[in-house]
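>>> From the sequence below, what's the structure:
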Amino acid sequence: MEYVTAVPHPRSEAAGPARAGRLSLAVALLAGALGAAVALLATRQQWSEGTATVAGGSFPLTAKGSDVTGVPAALAIVGLAALVAVFAVRKSGRLLVSALLALSGAGIVVAAVFGASDSSALDEKAAEATGDTAAGVDVLTHTAWPYVAAVGGVLLLVAGLLALRYGRLWPAMSGRYERSGAPRPRRKAPVVDPDRPEDLWKALDRGEDPTSA
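Take a look at the predicted model:
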C-alpha cells in the first residue's frame, strides 16, 4: 500500500505571515493614533484641585495636566511622529523607530501615574496667589484624567511592541519610489508597414522617420 504525503501549498504557507502582518498593522495604527489622541486630550483636562487659605478666607485652585507635567503631551507627539515614521524606514531604521514608539508610550504611563498624586502645581499656584512662598493647598483631590493619560500611553506602547514584532511584514511608503539597479529593457519600436498609410501616420506622430526602416 502506498501512502501519499500531503505537501503544503506555498501560497497557504505565505498566507499566515501576510494575515498576521495586515492584522498587526491595523491594530497598531488604531492603537497608536487613539493612544496619542487620548494622552493629548487628558493633559488638557483638570488633574487636581484644592483650596488655598489666606487671611481673608480660602479660595479654590485647580491644575490641568499640562500644569502638572508636560511629559505626556510631548511624548504623545513624539509617539505619533514615530508611528508615521515606521512606514518611511526599513530594516534597522524601522526597529529603532518602533522602539522609540514603545518608549514614548511607556514614558507617558510613568509620567501620568506619578502626576496623579503630584501637588506641586497647586502649591505653586497657591504661592503666587497668596504671595507666600511657603503657602500650600488644603483638601487636595485628584481626578481620573491622569489615569486616562496612562491608558493612552499603554495604547502607544502596544503599537510600539506590535511594530517591533511584526514591523518587518509591514509595507514601506518609499518602496514604490525606489529604483533597482537593473536597467530597464528598451521598448522596441513597432514595425511600420510602408504599404499601410495608417502605420506611416502613426510613425510620424511618434516622431519617427518611417523611411529609415
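>>> just checking, what packs against the helix or strand encompassing residue 161?
Element membership of residue 161, judged by DSSP states H and E, is helix 145-166. Judged by 3 or more C-beta pairs under 8 Å, 6 or more residues apart in numbering; DSSP states H and E, the packing partners of helix 145-166 are helix 10-43, strand 46-54, helix 65-68, helix 71-85, helix 91-115. For every residue, glycine as well, the C-beta is placed using N, CA and C.
>>> most tightly surrounded among those?
helix 65-68 (a mean of 23; mean count of other C-beta atoms under 10 Å).
>>> on that earlier part again, quick check: angle from the helix holding residue 161 to helix 71-85?
Interaxial angle of helix 145-166 relative to helix 71-85 (axes from the mean of the first three to the mean of the last three C-alpha atoms, to 10 degrees): 30 degrees.
>>> Name the residues of helix 145-166 that are buried.
Buried residues in helix 145-166, counted by 16 or more other C-beta atoms under 10 Å: 145-164, 166.
>>> C-alpha coordinates for that helix, PDB please?
Below are the C-alpha coordinates for helix 145-166, written out as PDB (Å, rounded to 0.1, in the frame of the first residue of the first chain):
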ATOM      1  CA  TRP A 145      -7.700  62.100  34.000                       C
ATOM      2  CA  PRO A 146      -4.100  61.200  34.900                       C
ATOM      3  CA  TYR A 147      -5.100  57.500  34.600                       C
ATOM      4  CA  VAL A 148      -6.800  58.200  31.300                       C
ATOM      5  CA  ALA A 149      -3.500  59.600  30.000                       C
ATOM      6  CA  ALA A 150      -1.800  56.400  31.300                       C
ATOM      7  CA  VAL A 151      -4.300  54.400  29.200                       C
ATOM      8  CA  GLY A 152      -3.200  56.400  26.100                       C
ATOM      9  CA  GLY A 153       0.400  55.600  26.900                       C
ATOM     10  CA  VAL A 154      -0.500  51.900  27.100                       C
ATOM     11  CA  LEU A 155      -2.100  52.000  23.700                       C
ATOM     12  CA  LEU A 156       1.100  53.700  22.300                       C
ATOM     13  CA  LEU A 157       3.200  51.000  24.000                       C
ATOM     14  CA  VAL A 158       1.100  48.300  22.400                       C
ATOM     15  CA  ALA A 159       1.600  49.900  19.000                       C
ATOM     16  CA  GLY A 160       5.300  50.000  19.500                       C
ATOM     17  CA  LEU A 161       5.500  46.400  20.600                       C
ATOM     18  CA  LEU A 162       3.500  45.300  17.600                       C
ATOM     19  CA  ALA A 163       5.800  47.300  15.300                       C
ATOM     20  CA  LEU A 164       8.800  45.600  16.900                       C
ATOM     21  CA  ARG A 165       7.300  42.200  16.500                       C
ATOM     22  CA  TYR A 166       5.600  42.500  13.100                       C
END
